[in-house]
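**Student:** below: sequence and its predicted model.
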Amino acid sequence: MIQITHKRSDCIGCYACVEHAPSYWKIDEDGMASLLEVTHRHDQMEFGKGYDADRDELEQSVENCPVHIISIS
Ligand code: SF4
């Protein structure tokens, strides 16, 4: 599994992650992105898991986030 980390407090709501990995991201009513499935939260961070088969689209969401708040490992 892929570990996904998102510093939601710094999101600018640009939709890039949603466009590149729509099965992992959504835009909430406050205009900021969230993972569709959050495994846990800590401080201002969201954490989730991704399938290895989805690595390409998750990497696209990392590379296209203009404020660099998504990471995968
Ligand atoms: S790409 Fe980054 S800044 Fe844009 S909506 Fe997604 S998490 Fe927020």
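**Tutor:** Yep, that arrived.

**Student:** which other residues reach the biggest helix by length in the chain?
**Tutor:** In the chain, assigned by DSSP state H, the helix with the most residues is helix 55-64. If you take CB atoms under 8 Å, 6 or more residues apart in numbering as the criterion, helix 55-64 is touched by 2, 4, 16-17, 19-21, 23-25, 50, 70-72. Quick note: C-beta positions are derived from backbone N, CA and C, even for glycine.

**Student:** which ones among those residues lie within strands?
**Tutor:** Taking DSSP state E, the ones among the contacts of helix 55-64 that sit in strands are 2, 4, 25, 50, 70-72.

**Student:** emit the PyMOL select command for whichever of those are buried.
**Tutor:** The buried residues among those can be selected in PyMOL (16 or more other CB atoms under 10 Å) with this line:
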select buried, resi 2+4+25+50+70+72
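
**Student:** within reach of the ligand, which of the ones in strands among the contacts of helix 55-64 are there?
**Tutor:** residue 70 (CB under 6 Å from any ligand atom).

**Student:** dump the ones in strands among the contacts of helix 55-64 to CSV, plus distance to residue 63 and pLDDT.
**Tutor:** Putting those into CSV (distance: CB to CB, whole Å; pLDDT from 0 to 100) gives the following:
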residue, distance to residue 63, pLDDT
2, 15, 98
4, 14, 98
25, 14, 98
50, 15, 98
70, 9, 98
71, 11, 98
72, 10, 98
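
**Student:** does the closest residue to residue 13 other than its chain neighbours count as helix, strand or coil?
**Tutor:** Leaving out its chain neighbours, the residue that sits closest to residue 13 by CB to CB, 6 or more residues apart in numbering is residue 31, at 4.2 Å. With DSSP: H, G, I helix; E, B strand; the rest coil as the basis, residue 31 sits in coil.

**Student:** next: residue 48.
**Tutor:** strand.

**Student:** spit out the contact partners of it.
**Tutor:** With CB under 8 Å, 6+ apart, residue 48 has these contacts: 3-4, 6, 24, 35, 37-39.

**Student:** quick check, residue 34 in contact with residue 8.
**Tutor:** Yes - contact criterion CB atoms under 8 Å: residue 34 and residue 8 qualify, at 6.4 Å.

**Student:** no further queries at this time; thank you.
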